[in-house]
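A.B. asks: no sequence on this one, just coordinates:
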């Protein structure tokens, strides 16, 4: 009985900060959220996904402040929050621990158009725009190069798509920040080999609560919950290198022209081997 009480005390001790699960859209947001919510002492809270619809830092911060009346320890906030200095400073001031997940941008483009075109009700806000494209090949191409007013600037709306390069550049400082209050990780780290996944999940758990007692059963339970499609309305396949099945030479050329290899390498990916450095 004493050991059980001690385990319960240590498991909850240390979660004194609110938690933000942040991501580039279609990079494993709910996978990471479900993992975090499997950690003792965490609780779901508001969604901040529409934070990516502005290119102004002040407006983005106003949106977040309107959604979050008061931060609570252990509460998990989820969203797509691009990097702005004022947002970063505000999160630090409020002692928010941020987990930022990103993914191979080629896989993101594939996942994005499939998600928009999925046969579910209600339809995605961009379904009508994507339906006007003649084929899935063109839909994928637009996800790479952008469309409408978004083609040359980061603009998200019902008639514009930003190119995948601008999407990543708007979030990239979170990856570079990677500090005591911002832990950046790759989607591929959570869906690869089992032992590697467990190690990454353990890092996530310790980032949130350094006092928690970790064992294999806890890590396996957390991993199983995170990969359960029944508790994620956005989960499709959750696989690595799905772009290889759908990219034609036209898509590869468009991606390399827009994104360029140096930026791809900077975030840990390449065109060799399995697609990851």
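C.D. replies: Yes, it's here. Please read these numbers as outputs of a predicted model, since none were measured by experiment. Numbering: from 1, shown residues only.
A.B. asks: can you show me the strands along this structure?
C.D. replies: With DSSP state E as the criterion, the chain has strands at 19-23, 43-48, 75-79, 97-102, 182-186.
A.B. asks: report how many residues lie close to residue 94.
C.D. replies: By other Cβ atoms under 10 Å, the residues close to residue 94 number 13. The way it works is simple: take the backbone N, C-alpha and C, and place the C-beta from them, glycine included.
A.B. asks: now do the contacts for residue 105.
C.D. replies: 164, 167, 168, 255, 259, 264, 267, 269 (Cβ atoms under 8 Å, 6 or more residues apart in numbering).
A.B. asks: so how far is residue 55 from the second one?
C.D. replies: Shown here: residue 167 relative to residue 55, a distance of 12 Å by Cβ to Cβ, to the nearest Å.
A.B. asks: what touches both of those two?
C.D. replies: Going by Cβ under 8 Å, 6+ apart, residues that sit against residue 167 and also against residue 55 are residue 154.
A.B. asks: so for these two, which sits in the more crowded spot?
C.D. replies: Per other Cβ under 10 Å, whichever of residue 167 and residue 55 has more neighbours is residue 167, with 27 against 16.
A.B. asks: so if we follow the domain assignment, how does this protein break up?
C.D. replies: Using automatic domain parsing, the domains assigned to the chain come out as 2-103+169-231, 105-167+236-266.
A.B. asks: just the helices from the stretch 1-150 of the chain, written as ranges.
C.D. replies: 2-12, 29-37, 57-67, 85-93, 105-117, 127-131, 136-145 (DSSP state H, counting those that start in this stretch).
A.B. asks: and of the ones you listed, who's closest to residue 217?
C.D. replies: Nearest to residue 217 among the helices of the stretch 1-150 of the chain is helix 2-12 (12.2 Å), distances taken as Cβ to Cβ.
A.B. asks: and of the strands of the chain, who's closest to residue 250?
C.D. replies: For residue 250, the closest of those is strand 97-102, at 25.1 Å, according to Cβ to Cβ.
A.B. asks: ok, and what's touching that closest one?
C.D. replies: 17-24, 27-29, 31-32, 36, 91, 168, 171, 174-175, 181-187, 190, 204, 207-208, 267.
A.B. asks: go on, stretch 175-190?
C.D. replies: Residues outside stretch 175-190 that contact it (Cβ under 8 Å, 6+ apart): 27-28, 31-32, 35, 83, 88, 91-92, 95-104, 107, 174, 196-197, 200-201, 203-204, 207, 223, 226, 240, 267-268, 276.
A.B. asks: ditto for stretch 149-161
C.D. replies: With Cβ under 8 Å, 6+ apart, stretch 149-161 has contacts from 52-53, 55, 82, 125-126, 128-129, 142-143, 145-148, 162-163, 166-167, 169-170.
A.B. asks: which of these are buried?
C.D. replies: By neighbour count, with 16 or more other Cβ atoms under 10 Å, the contacts of stretch 149-161 hold 52, 55, 82, 126, 129, 142-143, 145-147, 162-163, 166-167, 169-170 as buried.
A.B. asks: mind checking which helix or strand of the protein has the lowest mean pLDDT?
C.D. replies: Sorting the helices and strands of the chain by mean pLDDT, DSSP states H and E puts helix 2-12 at the bottom, at a mean of 48.
A.B. asks: pLDDT score for the spatially closest residue to residue 51 that is not a sequence neighbour?
C.D. replies: The spatially closest residue to residue 51, leaving aside those adjacent along the chain, is residue 81, at 4.5 Å (Cβ to Cβ, 6 or more residues apart in numbering). For residue 81, the pLDDT comes out at 97.
A.B. asks: how near is residue 81 to residue 202?
C.D. replies: To residue 202, residue 81 is 25 Å away according to Cβ to Cβ.
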